[in-house]
Every structure is written in C-alpha cells, then in structure tokens.
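1. any chance you could fold what I've pasted below:
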Amino acid sequence: MKIFTWHIHGSYLFFLSQGDYEIYIPVTTTRKEEGYYGRGSTFPFGKNVIEVEAEEVRNMEFDCILFQTNRNYLIDQYQILSEKQRALPRVYLEHDPPTQHPTDAIHIMQNPAISFVHVTHFNQLMWNNGPVPTTVIEHGVTEHHVMYSGELEKGIVVINNLPSRGRLLGLDLFLEARKQVPLDLVGMGTGELGIGEVLHPQLPEFTSRYRFFFNPIRWTSLGLAICEAMMIGLPVVGMATTELSSVIQNEKSGFIHTDLGYLIRQMKLLLDDKKLAIQLGQEGKKIAIERFHIQRFIKEWKELFERTIYARAQDINATTSYVKLP
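-> Sure thing, here's the model as predicted:
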C-alpha cells in the first residue's frame, strides 16, 4: 500500500513506518514548513519512508491519504493534492485531546466517509466527534536492548519546548518539583532549563541511567516518551490526568496522583530506594510489552488502511453498478 501523509510528529511517524507499507511525505525547498520537513536526520527511517517534492505530489499514485492536523485537512490537501487524490480513501488521525473545551469541543472532521482514529481512549471520550464513527489505535513502540540501570540519583523529564508551553505541559509543576528533587530536562527548545535535545535513537540509553521518569504534563495525549520509558523498565512518576491514569497503577507499576506534594515524596522515596524503583519499573515494562508492543500497533494500522481502501472501493462499485430491467 502507498500511504501519503505529512511529517507532523517525528517519533509517531517513525513507529508508524515500521509497518508493511510505503509512506510518502512532501518536502519543500526550505524544509521548514510544518509537515514539509522531509525525513530529516533525527530518526532512522527505513527505505519505505519516501520524500516527494511538494509540487510533484499531485502527479503521484497513492492508495490512501492520512491527515494528521486541521491544517492538513482544511488547507494542505487543497494546495498539493489533485482532485482525484482528494477522492481517495482517507484517514484522519487526531493526536491530541481538545484544547478549546475539555468536553464540548466539536471536532473539525465531520465527514463519515473518512476513517477517524484517536490515539487514546481518553481523547476519543473527550472530543465531541459528532456522527462520525471513531476508532482508537493505541501507541506502539519498539523494544530496545537497553536495560534500566537507574544509577543516577536524579529524575528525567522529556518534553520539547517546555518553557514556551507553560501550564498545559506542567512548566510550573516541573519548576516546583525541581526545588525539592534533582531533575534533568531534555528536549528541543528547553533553553536554560534543560540539557537540550537528545536524538531519538540515543534517548533510551540516555534515560535508562536515571532513577525515574517524571511527567508533569496536565493535559495531553499519552506521551510516546512515557511508553518508551516503560518499555526499558524506567519507573514513571506522573500526574494522574488524561490517559496516564489508565496506564499506571499507583504504587504497583509507578506513581501517579493529582497531588504534586505526594509525587514529590514518592520521587524522594525512589531516590532512597533503588530496589523499589527496579520493582516498579519491571511492573511498568510488563504493561508496556502487553499494551504498547510495536507489532500490535502496526497490525492495527495495516488493517485500518486495508479496511478504508476496501470500503472506498465498495462505494465506487455501488455507485457505478446498475441493474438491467427485463
């Protein structure tokens, strides 16, 4: 299958590309516009991720179009896709929960002819999806040879551009916790608050040396960095909000709570008790292998693409067929 989409979330695109299909992404001369970055150098994409010059996209043959943002759906498709391509089987992938209102925001995608996918059950629950049927494909991440060591008596936080993203991603909670617990911050745009970006291929080994992973985010989808941390046995401490509350069982596979004071006390406990950190991390790893395994993820995506393409073919056949009268 030939899937056309935009490069929106690099780590998600990398895991999606582990499937048995080709993914075509547009590029512009500057490679700076959102979605038009190309393969880049951050992720070790395979040969099945193929760059196409934006002006040449309309001359290509695809089997399915994958939208990942409102801009893709409202603007980009009309700028670079042909009319024929815009009639192809289509999928809309929503990465985030609603931001305008937590329960009443009506999603922009209201076309039941387009397959609608959420990445968490929480997002599916909170969006007003209208009459459009939706499905959930939970995250999938690859297993690593990296083993958790926890030798550093510090916590690690992995968030891009945290200084500019404020309360939504828990900047204030991170700053408050760091007054009492040693925490390192990595990610793009961390400024003076952090270490800076650690490239995705090196991230598991880098984070494995920290005693725990702290997620201060109030309102988001389930971060892929959390799934990857769990996959290597790195214990997670986080706010019991959005999907994370259904992933971590408090005091069994990690620590989650809406009380920052409680979480700070548990972080201190992990710094003092490495055996507990190992135990919680191993329980979290069991969950990650069962729930976020890459093979389950790509199997569900391949099946969704196939269903979408097949359904569109059936619709076309139905509209072009006729019954001969006697």
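
2. what helices and strands are in contact with the top helix by length along the chain?
-> Counting residues, the longest helix found in the chain (DSSP state H) is helix 294-320. If you count contacts as 3 or more CB pairs under 8 Å, 6 or more residues apart in numbering; DSSP states H and E, helix 294-320 packs onto helix 10-16, strand 64-67, strand 90-94, strand 115-118. Backbone N, C-alpha and C define where each C-beta goes, glycine included.

3. would you mark the buried spots in it?
-> Neighbour counts over helix 294-320 (16 or more other CB atoms under 10 Å) mark Ile294, Arg296, Phe297, Ile298, Glu300, Trp301, Leu304, Phe305, Thr308, Ile309, Arg312 as buried.

4. need the pLDDT of the residue lying closest to the fifth one once chain neighbours are set aside.
-> Distances taken as CB to CB, 6 or more residues apart in numbering place Ile137 nearest to Glu300, at 4.8 Å, with adjacent residues excluded. The per-residue pLDDT reported for Ile137 equals 98.

5. look up phi and psi at Ile137.
-> Per-residue torsions, Ile137: phi -120, psi 110 (degrees, to the nearest 10).

6. from His121, how far out is it?
-> 11 Å (CB to CB, to the nearest Å).

7. one step back: so the residue nearest to Glu300 makes contact with Lys299?
-> No. In this structure, Ile137 is not within contact of Lys299 by CB atoms under 8 Å, at 9.8 Å.

8. just the endpoints, please. Distance across stretch 219-230?
-> 20 Å (CA to CA, to the nearest Å).

9. state the distance from Val52 to Tyr36.
-> In terms of CB to CB, Val52 sits 10 Å off from Tyr36.

10. give me the common contacts of those two.
-> Pro26, Val27 (CB atoms under 8 Å, 6 or more residues apart in numbering).

11. ok, the closest residue to His118 other than its chain neighbours - how many residues close by?
-> Spatially, and ignoring its direct neighbours in sequence, His118 is nearest to Gln124 (4.1 Å; CB to CB, 6+ apart). Residues near Gln124, counting by other CB atoms under 10 Å, number 17.

12. just the strands in the stretch 1-150 of the chain please.
-> Under the criterion DSSP state E, counting those that start in this stretch, the stretch 1-150 of the chain contains strands at 2-4, 22-27, 49-53, 64-67, 90-94, 115-118, 134-136.

13. mind putting these into a markdown table with distance to Ile264 and mean neighbour count?
-> As requested, the strands of the stretch 1-150 of the chain are exported to a markdown table (distance: least, CB to CB, whole Å; neighbours: other CB atoms under 10 Å):
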| stretch | distance to Ile264 | mean neighbour count |
| --- | --- | --- |
| strand 2-4 | 44 | 22 |
| strand 22-27 | 42 | 21 |
| strand 49-53 | 41 | 16 |
| strand 64-67 | 41 | 23 |
| strand 90-94 | 33 | 23 |
| strand 115-118 | 32 | 23 |
| strand 134-136 | 33 | 15 |
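
14. wait, which of those strands is closest to Gln279?
-> strand 134-136 (30.1 Å; CB to CB).

15. what strands line up against whichever helix or strand comes after that closest one, and which way round?
-> Remark: after strand 134-136, the chain's next helix or strand is strand 152-158, criterion DSSP states H and E. Partner strands for strand 152-158, per DSSP bridges, with pairing direction: strand 183-186 (parallel), strand 210-215 (parallel).

16. average pLDDT across the helix or strand following strand 152-158?
-> Moving toward the C-terminus from strand 152-158, the next helix or strand (DSSP H and E) is helix 162-165. Across helix 162-165, pLDDT averages out at 94.
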